[in-house]
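**Student:** Have a look at this prediction, sequence included:
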Amino acid sequence: MNLDHAETTAETAAQTGSPRIRLAHPQDLPRVLALMDGIMDWLVAQGRTGQWGSRHWSETPALVERVEGRIARGELRVAEIDGELAGVVSVSEQAADYVSPAPEPELFINLLATERRFKGSGVGAALLAEARAEARRRGLPLLRVDCYAGDDGKLKAWYASQGFTEVEPFVVRREGRPDWPGMLFAEEVDRDGRGVSSP
């Protein structure tokens with residue numbers, strides 16, 4: 001499940017350089033989990049447990065294994081600013097099984113998260129640019145992503161502001177827990193890796 005959180009970055013913009021994005025290595029795992037835990041703490045403090053629940057990623061074996069797998073498969077990229085982890089993005093040619101199949105070959109963003117301290121530094125946009133560039137390198141014409149569609153809807157608004165178009169809402173049924181409302185977004189990618197239109 002794509003549990004992205006592009007809008008939950010810092011309250012104050014960091015006055016630093018542009019993000020440096022690279023493939024994640026196994027040694028990045030603790031820092032990636034710490035980033036996810038920090039976002040979790042912020043959500044819980046806001047009373048917004050519908051997106052991720054309330055248990056840290058680092059304390060949830062299935063989530064730890066998921067991140068490890070994405071690193072091992074070369075899907076996860078990290079963004080660093082002045083040596084600090086500022087965000088992560090994970091992409092795959094396999095979409096989540098709870099969204100509709102793509103009408104053409106695609107690259108699917110299955111995780112996008114940014115460190116709250118770097119709000120205003122363009123980390124989320126830079127990570128999306130990297131996903132577009134990867135789609136171009138692979139010759140894939142479509143980039144899709146899903147996000148949590150509950151609470152105040154800021155995630156949906158953020159993806160729309162980045163050039164994505166809503167495709168359709170969906171609901172993930174979860175046994176013993178509330179349903180998870182989501183929105184699927186898509187963007188056609190041109191040869192330069194930029195989003196050009198909705199599918």
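**Tutor:** Perfect, I can see it now. Only a predicted model underlies this, so the values are computations on that prediction, with no experimental measurement involved.

**Student:** Check which helix or strand the residue nearest the centre of the chain maps to.
**Tutor:** Computing the C-alpha centroid of the chain and ranking residues by C-alpha atoms, centre = their mean puts Leu112 first, at 1.5 Å. Using DSSP states H and E, Leu112 sits within strand 106-114.

**Student:** Quick one: low-confidence residue ranges for this structure.
**Tutor:** For the chain, the stretches flagged by pLDDT under 70 are 1-17, 191-199.

**Student:** Sketch out the strands for it, chain order is fine.
**Tutor:** Assigned strands in the chain, in chain order: 20-23, 76-81, 84-92, 106-114, 142-148, 165-172, 180-189, 195-197 (criterion: DSSP state E).

**Student:** So what are the sheet partners of the fifth one and their directions?
**Tutor:** When sheet partners are counted by DSSP bridges, strand 142-148 sits next to strand 106-114 (parallel), strand 180-189 (antiparallel).

**Student:** quick one, which of the ones you listed is packed in tightest?
**Tutor:** strand 106-114 (a mean of 25; mean count of other C-beta atoms under 10 Å). C-beta: built from backbone N, CA, C; applies to glycine.

**Student:** tilt between that one and strand 84-92?
**Tutor:** Interaxial angle of strand 106-114 relative to strand 84-92 (axes from the mean of the first three to the mean of the last three C-alpha atoms, to 10 degrees): 160 degrees.

**Student:** then strand 106-114 to PDB, C-alphas only?
**Tutor:** The C-alpha coordinates for strand 106-114 follow below in PDB (Å, rounded to 0.1, in the frame of the first residue of the first chain):
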ATOM      1  CA  GLU A 106       3.800   1.900 -16.300                       C
ATOM      2  CA  LEU A 107       6.100   2.800 -13.500                       C
ATOM      3  CA  PHE A 108       4.200   2.800 -10.200                       C
ATOM      4  CA  ILE A 109       5.300   4.900  -7.100                       C
ATOM      5  CA  ASN A 110       4.600   2.600  -4.200                       C
ATOM      6  CA  LEU A 111       6.100   4.900  -1.500                       C
ATOM      7  CA  LEU A 112       6.900   8.600  -1.200                       C
ATOM      8  CA  ALA A 113       7.800  10.100   2.100                       C
ATOM      9  CA  THR A 114       9.600  13.200   3.200                       C
END
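
**Student:** Show me how far it is from its chain's centre.
**Tutor:** Counting by C-alpha atoms, centre = their mean, to the nearest Å, strand 106-114 is centred 4 Å from the centre of its parent chain.

**Student:** cool, stretch 101-120 as well?
**Tutor:** Using C-alpha atoms, centre = their mean, the offset of stretch 101-120 from its chain centre is 4 Å.

**Student:** The closest residue to Phe108 other than its chain neighbours: neighbour count?
**Tutor:** Take Phe108 and drop its neighbours on the chain: the residue closest to it by C-beta to C-beta, 6 or more residues apart in numbering is Ala95, 4.2 Å away. Look at Ala95: counted by other C-beta atoms under 10 Å, it has 20 neighbours.

**Student:** Would you check how far apart Ala95 and Val167 are?
**Tutor:** 11 Å (C-beta to C-beta, to the nearest Å).

**Student:** Could I get the buried residue list for stretch 71-88?
**Tutor:** Ile71, Glu75, Leu76, Arg77, Val78, Ala79, Glu80, Ile81, Leu85, Ala86, Gly87, Val88 (16 or more other C-beta atoms under 10 Å).
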